[in-house]
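Undergrad: pasting the sequence and the predicted coordinates here, then a few questions.
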2 protein chains.
Amino acid sequence: MQICEHASLRARSPVWNADPVTTPPPGLRERKKQATRAALREAALRLAVERGPDGVRVEDIAEAAGVSPRTYNNYFASREQAIVSAVTADREARVAAAVAARPAGVRLADAVTDAVVEQYTGTGEHEHGALLLITTRSALREAFLDATADIEPPLTAVLAERLENAGESTARVLAASVAAAVRIALEGWLRPAGTAGALAGTGAGGLVVPSGSLPDRLRAALAPLAPAFDAVERREPVR
Amino acid sequence: MQICEHASLRARSPVWNADPVTTPPPGLRERKKQATRAALREAALRLAVERGPDGVRVEDIAEAAGVSPRTYNNYFASREQAIVSAVTADREARVAAAVAARPAGVRLADAVTDAVVEQYTGTGEHEHGALLLITTRSALREAFLDATADIEPPLTAVLAERLENAGESTARVLAASVAAAVRIALEGWLRPAGTAGALAGTGAGGLVVPSGSLPDRLRAALAPLAPAFDAVERREPVR
DNA sequence: GAGAAAACTTGCGTGCACGCAAAAGTCCTG
DNA sequence: CAGGACTTTTGCGTGCACGCAAGTTTTCTC
């Protein structure tokens, strides 16, 4: 049974629904699935905050959520993914929604950049505390960075709709490039203080202090992609 | 001890050396490391071909290479990575080398595209057989696709040198976008035959037939990025 | 409303994957 | 050349992560 949104399957089974208005209300089975997923995320984050990230096992999370460890792995492929999922709270899907919400006359490159900056910096102090938690462990940091790949499927859908004649492949490459740029900006922002290379590999100890302005990093990372967006938006024959 | 080139560390500790001529010859320790890595790769591929990909355990590979399973995991983070590493044979680094080898007057977007197409299609029948092996198992396919991320670090170094005033971040975003585009092209090419979505998740059974022309897919995937390369090459202020 | 089909949960067994620490090997310095 | 420093190998223990199959729950059809 395939519930786990494994990274390799994300592009093929997006959780984001571009047209939720016309779908029928979910049945009991679907509601129970969502409830289980939410319970697992909440338990993962709560236990990680209470006990420290190393003090939480899959068995603990599963028990707190009222399911078996096997069921946990039906929903999340690793211990870290549940914690990160609770922290990011489907932000990746919200990036696409924010792009879709921009007026059609806005330059697409600007719309994408503004949406990313808005969603990645407009966070409450709840996430700030959780982000501190994440930065203390390399496995959590990696899972947090890996989650940027989730930007691609919903953004592909939005870009495909905005760029009618460009084709699915072009939309997908642009969306994947945005995800890559966001990851690079976050990596630079979360790089461990001091001797970065030596400490980055350690599971603990290296104190990671978010450095510099995240909006500036995000804008700088996304800027090189603007000409690609402009060309497709003008419907130039690319290449 | 950090020998494993884990995906998360690749960007920070590239194996590709931009200037090998001036480095001193490696010592015994370094030569033994390279020999161990080569032995593990060779053993992994040979055993996978002989017994089928499911018939090979880490313990088997380690024994065939003359090291312990713990040492195996010092070099490779998963069973699949050794097999894929043997198949791709550092192709990702060769992409960057091929770009670097292009004359300076060649349009950079063309140089990158031609280098990618050349390295991903100019393969002997040795790899063709190994590719068939990879496509029969989803875990191997995923590891094969994940390996495209290795394009980024060496290509970043080459782009940073070619685009002197663009900065490391821009080079990195462009290189990461190329890696993303290559992955998308390969995903489309290796998508399972018939009902793709239903079978893709299965570990076995789904017969994956490389479909369509890989060069065409690669060129199509890379085309949307050309304006981004052109803008940076012309040293336009991007954004 | 009952039965079949589909989906989900779960126990079990197996093979990892990794941190830790001790032992061994390599390199460097005096 | 010997000893210290650094790196690598390895055993051990632990916590996963997943495939398989049986049981349970939900949905659908007649």
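TA: Here it is on my side, so go on. In this text, all values refer to a predicted model and were calculated from it rather than measured experimentally.

Undergrad: could you use CA atoms for every contact and neighbour count after this?
TA: Will do.

Undergrad: what sits against A:Ile83?
TA: A:Ile83 makes contact with A:41, A:44-45, A:48, according to Cα atoms under 8 Å, 6 or more residues apart in numbering or on different chains.

Undergrad: so for the helix or strand harbouring A:Val158, what's the average pLDDT?
TA: For A:Val158, the host element (DSSP states H and E) is helix A:152-162. Averaging pLDDT along helix A:152-162 gives 94.

Undergrad: same question, stretch A:180-191
TA: Mean predicted lDDT for stretch A:180-191 stands at 92.

Undergrad: can you give me the offset of stretch A:226-239 from its chain's centre?
TA: With Cα atoms, centre = their mean, to the nearest Å as the basis, stretch A:226-239 stands 26 Å off its chain's centre.

Undergrad: give the buried residues for the helix or strand A:Asn74 falls within.
TA: Taking DSSP H and E as the definition, A:Asn74 sits inside helix A:69-75. Using 16 or more other Cα atoms under 10 Å in any protein chain shown as the test for burial, helix A:69-75 gives A:69, A:72-75.

Undergrad: before we move on, back to that, which of the contacts of A:Ile83 tops the neighbour count?
TA: A:Ala44 (29 neighbours; other Cα atoms under 10 Å in any protein chain shown).

Undergrad: the helix or strand hosting that one near DNA strand C at all?
TA: Here A:Ala44 is covered by helix A:28-51, with elements defined by DSSP H and E. Yes. Applying Cα under 7 Å from any atom of the strand, one finds that helix A:28-51 is in contact with DNA strand C at A:29-30, A:32-33, A:36.

Undergrad: CSV please, covering the residues you listed and showing distance to chain B, pLDDT and neighbour count.
TA: Listed next are those as CSV, based on distance: Cα to the nearest Cα, whole Å; pLDDT from 0 to 100; neighbours: other Cα atoms under 10 Å in any protein chain shown:
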residue, distance to chain B, pLDDT, neighbour count
A:Arg29, 20, 94, 9
A:Glu30, 19, 93, 11
A:Lys32, 23, 95, 12
A:Lys33, 19, 95, 13
A:Thr36, 22, 96, 19
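
Undergrad: can you redo the residues you listed as JSON lines with distance to DNA strand D?
TA: Converted to JSON lines, those look like this (distance: Cα to the nearest atom of the strand, whole Å):
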{"residue": "A:Arg29", "distance to DNA strand D": "4"}
{"residue": "A:Glu30", "distance to DNA strand D": "6"}
{"residue": "A:Lys32", "distance to DNA strand D": "8"}
{"residue": "A:Lys33", "distance to DNA strand D": "10"}
{"residue": "A:Thr36", "distance to DNA strand D": "12"}
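
Undergrad: among the residues you listed, find me the one that's closest to A:Arg235.
TA: Of all the residues of helix A:28-51 next to DNA strand C, A:Arg235 sits closest to A:Glu30, with 40.6 Å by Cα to Cα.

Undergrad: before we move on, the earlier item: considering only the contacts of A:Ile83, which also neighbour chain B?
TA: Subset of those in contact with chain B: empty, counting by Cα under 8 Å from any Cα of the partner chain.

Undergrad: that older thread, please name every helix or strand in contact with the helix holding A:Asn74.
TA: Helices and strands touching helix A:69-75, by 3 or more Cα pairs under 8 Å, 6 or more residues apart in numbering or on different chains; DSSP states H and E, are helix A:58-65.

Undergrad: neighbours of the residue nearest to A:Ser213 when sequence neighbours are not counted, just the number please.
TA: In this structure, A:Ser213 finds its nearest non-sequential neighbour in A:Trp189, 7.8 Å apart by Cα to Cα, 6 or more residues apart in numbering or on different chains. Using other Cα under 10 Å, A:Trp189 has 18 neighbouring residues.

Undergrad: go on, A:Asp114?
TA: Counted with other Cα under 10 Å, A:Asp114 comes out at 19.

Undergrad: ok, now which ones touch it?
TA: So A:Asp114 contacts nothing (Cα under 8 Å, 6+ apart).

Undergrad: got the buried residues for the helix or strand containing it?
TA: Taking DSSP H and E as the criterion, A:Asp114 maps to helix A:108-121. Under the neighbour-count criterion of 16+ other Cα under 10 Å, helix A:108-121 has A:108-117, A:119-120 buried.

Undergrad: same deal with stretch A:166-184?
TA: Buried residues in stretch A:166-184 (16+ other Cα under 10 Å): A:166, A:169-184.

Undergrad: distance check, A:Asp146 against A:Ala179.
TA: 10 Å (Cα to Cα, to the nearest Å).

Undergrad: send the alpha carbons of the helix holding A:Asn74 over as CSV?
TA: The C-alpha coordinates for helix A:69-75 follow below in CSV (Å, rounded to 0.1, in the frame of the first residue of the first chain):
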residue,chain,number,x,y,z
PRO,A,69,5.7,1.6,14.0
ARG,A,70,4.9,-0.2,10.7
THR,A,71,2.1,2.3,10.1
TYR,A,72,4.5,5.1,10.9
ASN,A,73,6.7,4.0,8.0
ASN,A,74,3.6,3.8,5.7
TYR,A,75,3.3,7.5,6.2
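
Undergrad: returning to what we had before: filter the contacts of A:Ile83 down to the ones close to DNA strand D.
TA: Within the contacts of A:Ile83, nothing lies near DNA strand D by Cα under 7 Å from any atom of the strand.

Undergrad: for these, give me a markdown table that also has distance to B:Val56.
TA: Formatted as a markdown table, the contacts of A:Ile83 follow (distance: Cα to Cα, whole Å):
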| residue | distance to B:Val56 |
| --- | --- |
| A:Arg41 | 35 |
| A:Ala44 | 34 |
| A:Leu45 | 37 |
| A:Ala48 | 36 |
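
Undergrad: nearest residue to A:Ala109 in space, please, no chain neighbours.
TA: Closest to A:Ala109 by Cα to Cα, 6+ apart is A:Ala226, at 5.2 Å.

Undergrad: restrict the helix holding A:Val158 to CA atoms and write it as PDB.
TA: The C-alpha trace of helix A:152-162 is given here as PDB (Å, rounded to 0.1, in the frame of the first residue of the first chain):
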ATOM      1  CA  GLU A 152       8.200  21.200  -7.700                       C
ATOM      2  CA  PRO A 153       5.000  19.200  -8.200                       C
ATOM      3  CA  PRO A 154       2.500  21.900  -7.200                       C
ATOM      4  CA  LEU A 155       4.500  24.700  -8.800                       C
ATOM      5  CA  THR A 156       4.700  22.600 -12.000                       C
ATOM      6  CA  ALA A 157       0.900  22.500 -12.100                       C
ATOM      7  CA  VAL A 158       0.700  26.300 -11.600                       C
ATOM      8  CA  LEU A 159       3.300  27.100 -14.200                       C
ATOM      9  CA  ALA A 160       1.800  24.700 -16.800                       C
ATOM     10  CA  GLU A 161      -1.500  26.600 -16.400                       C
ATOM     11  CA  ARG A 162       0.200  30.000 -16.600                       C
END
